[in-house]
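Asker: Here is my input, please return the structure:
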Amino acid sequence: MLLLLLLPPPSPPLFPSTNFTPPRYSRLSIRPRRLLTSSASAASNEVDAFTKYSGYLFDLNSSEAESLTEYNISKIGAIYQNKPFILLRRLFQTATTLGIWFALRYYDRLTDRADFMFQVRAAELRKILVQLGPAYIKIAQAISSRADLIPPSYLDELSLLQDRIAPFSTEVAFDTIEQELGLPIDVLFSEISPEPVAAASLGQVYQARLRSSGEVVAIKVQRPGVRAAISLDILILRYLAGVIRRAGKFNTDLQSVIDEWASSLFREMDYKREANNGVKFRQLYGSIKDVVVPEMYVEQTTNKVLIMQWIEGQKLSEVKDLYMIEVGVYCSFNQLLEFGFYHADPHPGNLFRTYDGKLAYLDFGMMGEFKQELRDGFIEACLHLVNRDYDALAEDFVTLGLLPPTADKDTVTEALTGVFRNAVSKGIRNISFGDLLGNLGTTMYKFKFRIPSYFSLVIRSLAVLEGIAISVNPNYKVLGSTYPWIARKVLTDSSPKLKSSLQDLLYEDGVFRIDRLESLLTESLRARTERALVTKQVEDNDSKMAIKQILSFALNEKGSFVREILLQELAKGLDALGVATLNSMTANLPFGPSSVSSMTDEDITNLRTLRRLMLLLSGLQQTETSVKEVKGVNSNGNLKPSSNELSLLPYGMVSGQEMLPLLSAIAELPQDSQQQLLRLPADLAGKLVSRVAARTIRRAFL
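Answerer: Predicted structure coming up:
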């Protein structure tokens, strides 16, 4: 929302020079207010389109205006119950304005002029939304980042609503600053831009220099009358949502969705709250590599005036930088799934690439909270989706509040299988978040899915992020880029719920699913934030680097749970290898075992699991050839038992040449990791002795 449109700074320079191409729009020079030119003063007296068209909505007395500090539909209804003519006038104005536009579009289709008039109608729609005001602009902003959903002409026009809206009077803005802060502008600032450098739906931004410290800041000033206008439009939209739900028999409580959106919109209009949100966001995510969060001047901020650190840069959507997108994905992962405090309005006007190559977040008015149980449920749903466990996915939808507990799980599972099968068959890296939502729509309606109030903001946040990424790379999939971080979190999180989920995922009917562990580890290695690793994909094939990453993970404190699983499975495999070795040594002796093998099917499975574990730790992928060398692979990805024990021995061992990369990587591990590695043989030996002892006792007494 805060589009800081900049060119290299004027003399004297306020900011260091850079080698980056400046944005298309030049910055207005900063000058003391007393130096405002007559042309600037004249410009400040112009009336913006919103005020000219909808200014009659602003007329509320002081007590009514003060009661609208927070969203309360009862208070709003009570206010406009006494103003029926304003309500009817707004209904008529909105219906006729949008109705005429839709009628013209219909006429264009009838006269075969639709393609010719496409650009014209798109521009007309943008102007109509500006005239109708912030509520309608916010709705347009929600879809203006989805290049895959709306035509290019409309995308170009609606994207202008993110940060390029006609400003209101500068004289009014300066008066608001002085009234809110209680001091003349010349006392507060040594310099201030004579006109706003950016204007958006709720306010506009000026650049200034603090007289007290000399620091350059951005001053956001709220539009006059914006609360009254939004309140009435929300009242109308909420009423229409109720009519639509009843007429269309929607399962989703559309009015609750409107309420959640309206609540966030009212929170966004409280600049003191926004400043506190910015402080919290900076504390949680400001230390992430290559993420910048501006400093908030909380003590000098009021409900209608916000002062924050000035950030130089370009809109993320205008910079073709894949690394910035990856940083944004990682930061979004931390917001949604690590801490649960997330930016719910990440449109291109709120995401900047600074001139020194960092991702800057701006505008913290619309934030969301994602509770811990919902975060865990979302992660589990992603795991079950990737692993095609649709029974568990149906349960996840109950946990997330999308399905009522009374829903027929079998029928829902069958429907979900049909919805997700094609999407998942392409692989996690090719799953489109937008496609998933589209394909899920019919099923959600049929099975009475509900849209919880929190869910609309989460979905919007992810969808907008994917929309921004698509503008850089049309093939980008935000879910595919987020999943590596989900995999890493599942493997390292200390949450008992996620540990239980990992245990259930890796053990199916008591059988270890090494293919799933391989998948999680492989995906977790794709979770990266280093620029060199993002731009230089050749590193993916570096076997030694992969080994070091796997070992570092397994030997880290966060990897202790997975390390225990690995040690347990290694002990099982070594136990089976010992039995197979003993059988092969005694097979041809006169007193050797008979045709009845002492190895069980479990031993055979454990032996092959051992082989795959060793290949995994040595940085090698199990090739199709190596699988085919032993006959048969079952549906779980494990090899079917064979009656020939002698042929099993090679599959429990790894050659010395294959182990060389592992030994080389161990030598380069940090000292603490090497010390942890030295303790592993004793732990493994203890588990192996326990297993051998249990096998001996079992054979002796059973």
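Asker: Which other helices and strands does the longest helix belonging to the chain contact?
Answerer: Under DSSP state H, the helix in the chain containing the largest number of residues is helix 671-701. On a contact count with 3 or more CB pairs under 8 Å, 6 or more residues apart in numbering; DSSP states H and E, helix 671-701 meets helix 543-555, helix 560-586. The way it works is simple: take the backbone N, C-alpha and C, and place the C-beta from them, glycine included.
Asker: average pLDDT for the last one?
Answerer: Per-residue pLDDT values across helix 560-586 average out to 83.
Asker: what packs against it?
Answerer: Contacting helix 560-586 under the criterion 3+ CB pairs under 8 Å, 6+ apart are the following elements: helix 478-492, helix 496-506, helix 514-524, helix 543-555, helix 601-617, helix 671-701.
Asker: is it possible to export the ones you listed to TSV including mean pLDDT?
Answerer: Formatted as TSV, the helices and strands packed on helix 560-586 follow (pLDDT from 0 to 100):
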stretch	mean pLDDT
helix 478-492	81
helix 496-506	85
helix 514-524	83
helix 543-555	69
helix 601-617	82
helix 671-701	80
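Asker: And the ones you listed: which comes nearest residue 397?
Answerer: When these are compared by CB to CB, helix 496-506 sits nearest residue 397, at 15.3 Å.
Asker: next one: the helix or strand just after that closest one to chain centre, how far?
Answerer: Following helix 496-506 in sequence order, the next helix or strand is strand 507-508 (DSSP states H and E). Centre-to-centre, strand 507-508 and its host chain are 30 Å apart (CA atoms, centre = their mean, to the nearest Å).
Asker: before we move on, what about stretch 66-85?
Answerer: In terms of CA atoms, centre = their mean, the gap separating the centre of stretch 66-85 from the centre of its chain is 35 Å.
Asker: quick one: low-confidence parts of the stretch 151-300 of the chain?
Answerer: Residues of the stretch 151-300 of the chain meeting the criterion pLDDT under 70: 152, 155, 162-164, 248-253.
Asker: need the strands for the stretch 351-500 of the chain, in chain order.
Answerer: Counting by DSSP state E, counting those that start in this stretch, the segments of the stretch 351-500 of the chain that form strands are 351-354, 359-361, 367-369.
Asker: and those strands as CSV, adding mean neighbour count and mean pLDDT?
Answerer: Listed next are the strands of the stretch 351-500 of the chain as CSV, based on neighbours: other CB atoms under 10 Å; pLDDT from 0 to 100:
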stretch, mean neighbour count, mean pLDDT
strand 351-354, 23, 89
strand 359-361, 24, 93
strand 367-369, 18, 84
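Asker: phi, psi of residue 208?
Answerer: With angles defined as degrees, to the nearest 10, residue 208 sits at phi -150, psi 170.
Asker: could you dump the strands of the stretch 351-500 of the chain to JSON lines with distance to residue 669?
Answerer: Below are the strands of the stretch 351-500 of the chain laid out as JSON lines (distance: least, CB to CB, whole Å):
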{"stretch": "strand 351-354", "distance to residue 669": "35"}
{"stretch": "strand 359-361", "distance to residue 669": "31"}
{"stretch": "strand 367-369", "distance to residue 669": "40"}
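Asker: what's the closest of those strands to residue 302?
Answerer: Closest approach to residue 302 among the strands of the stretch 351-500 of the chain (CB to CB): strand 367-369, 19.1 Å.
Asker: Mind giving me the packing neighbours of the closest one?
Answerer: Counting by 3+ CB pairs under 8 Å, 6+ apart, strand 367-369 packs on helix 254-268, strand 341-343, helix 453-472.
Asker: Parallel or antiparallel, which strands does that strand pair with?
Answerer: With DSSP bridges as the test, strand 367-369 is paired with strand 341-343 (antiparallel).
Asker: roughly how far is the strand it pairs with from the heart of the chain?
Answerer: From the chain centre to the centre of strand 341-343 is a distance of 9 Å (CA atoms, centre = their mean).
Asker: same check, this time on stretch 328-345
Answerer: Its chain's C-alpha centre and that of stretch 328-345 lie 6 Å apart, by CA atoms, centre = their mean.
Asker: Give me the distance between the two termini of it.
Answerer: Stretch 328-345 has an end-to-end distance of 13 Å (criterion: CA to CA, to the nearest Å).
Asker: same question, stretch 397-408
Answerer: Distance between the boundary residues of stretch 397-408 (CA to CA) amounts to 12 Å.
Asker: Need the mean per-residue confidence for it.
Answerer: For stretch 397-408, mean pLDDT rounds to 78.
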